[in-house]
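1. Starting from these lines, generate the structure:
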Amino acid sequence: MVHIKSVPIPSFVGSPWSQFPPATFEAAPAPGVLPEGFFSTVNAPTFFKLGNYHWVLPEAPRMDAVAILDRGQVVIKERRFVRGGELVAMHQVEDGSQGIKVFGNELFDAERSASETAAMPFMTAGVSRERPVDYSILAELLMENKLYGGKAMWVVGPAVVHAGAHRDFCTIIDRGLVDILSIGNATAVHDIESALYGTALGAGEAEGDHSSHMRAINEVHKAGSVSALVDSGRLTGGIMHACITRTIPTIIAGSIRDDGPLPETITSVLESQEAIRTAAQRTTLVVILATVLHGIATGNIFPTYYVRDDRIFSLPFITVDMDEFAVTKLKDRGTGQAIGVVGNARDFLAILAGKFEK
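-> Down below sits the predicted model:
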């Protein structure tokens, strides 16, 4: 087993922690307006000192938000949700000396096991198409996450359907390794198009044309929803069918380029963000597959860690794309713990599915 990295929650006993002052909070001058010098949150473990000795780690962390003191608890909020008069954490010093301590990778480095050390060359190496992919480690991460009751979110782009990789992805769904699916409208549409007509934008086993996806959208709207199309017996295969029949929560986020959209598609950007943030609170592993913008946005929404049984766990991100830029961009934007795989989605899913059939 690779073992997902974890450490006990720091105790903050003794010097220098006891000498540091409590975190400072100031009232927001108006709804959605923050006091000058507010603390902008990050996605790493961040503790706030309340009183003389008590350091707290807020729930539902996120980057580019603010920390609010609410009835003795620190709550993380988006700026747009801040009410006038709410107490906002101040200062940008992150070393604890102003009552705010942010932990980076050093939190986990001191307690790395032998199995983790053995996996380090693959887990932490730079992103490159020249570097071989150790699929055994990726399979172990997924299995370990499942074994310990974790939840895996898969963020999947339409290229998975266009490449014919959706069948292997359905195999992974069948193995119980997908707990939450986060996709765009296009992925859902082309998956349904492929299941109904055997083609996705004219590519596939059956001969199709540019209108097939529009016909698929029309079939969904005639039924009333994707779920209703499954219940009617009209939709009998594909990713959406697999998730609906297994009651896997699916978030379909809209965009300005969508056709349709499908009835289940969340067309508000802010509502899509909140849906993913809500799911993030129960997610312990993320796989991003062949989707650049959706993947980077997901990385920005998620923290780099989660808490279970009084321990802080590093939250694994596995990101797969043909373009090295897509993989490195995610790491550069704050998801530094991401494991990058440069390769095509079809090969990745086929090899990974094969690992779970052994």
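2. for this structure, what helix or strand is lowest in average pLDDT?
-> Across the helices and strands of the chain, the lowest-confidence element by mean pLDDT, DSSP states H and E is helix 114-124, at a mean of 48.
3. Alpha carbons only: can I get the helix or strand that comes right after that one in CSV?
-> Where DSSP states H and E defines the elements, the next helix or strand beyond helix 114-124 is helix 135-147. C-alpha atoms of helix 135-147 as CSV (Å, rounded to 0.1, in the frame of the first residue of the first chain):
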residue,chain,number,x,y,z
TYR,A,135,-0.2,2.7,-12.7
SER,A,136,0.2,0.3,-9.8
ILE,A,137,0.6,3.3,-7.5
LEU,A,138,-2.4,5.1,-8.9
ALA,A,139,-4.5,1.9,-8.5
GLU,A,140,-3.3,1.5,-4.9
LEU,A,141,-4.3,5.1,-4.1
LEU,A,142,-7.8,4.5,-5.4
MET,A,143,-8.1,1.2,-3.6
GLU,A,144,-6.7,2.6,-0.3
ASN,A,145,-9.1,5.5,-0.5
LYS,A,146,-12.0,3.1,-0.9
LEU,A,147,-10.7,0.8,1.8
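4. which parts of helix 135-147 are buried?
-> Tyr135, Ile137, Leu138, Ala139, Glu140, Leu141, Leu142, Met143, Glu144, Asn145, Lys146 (16 or more other C-beta atoms under 10 Å). Glycine gets a C-beta too; all of them are placed from N, C-alpha and C.
5. which residues does Val102 bridge with?
-> Beta-bridge pairing for Val102 (DSSP bridges): Thr46.
6. my read: it touches Val42, true?
-> Yes - contact status for Val102 versus Val42: in contact at 5.8 Å, counting by C-beta atoms under 8 Å.
7. Pretty sure Gly85 is one of the things Glu26 touches, is it not?
-> No - contact criterion C-beta under 8 Å: Glu26 and Gly85 do not qualify, at 10.5 Å.
8. I figured Leu201 hits His210, correct?
-> Yes - with contact defined as C-beta under 8 Å, Leu201 reaches His210; the gap is 6.8 Å.
9. which of the two has more neighbours?
-> A direct count of neighbours by other C-beta atoms under 10 Å for Leu201 and His210 places Leu201 higher, at 18 against 8.
10. what's the spacing between Ser272 and Ser136?
-> For Ser272, the distance to Ser136 equals 35 Å [C-beta to C-beta, to the nearest Å].
11. ok, now Thr284?
-> 20 Å.
12. repeat for Met63
-> Remark: distance between Met63 and Ser136 (C-beta to C-beta) = 32 Å.
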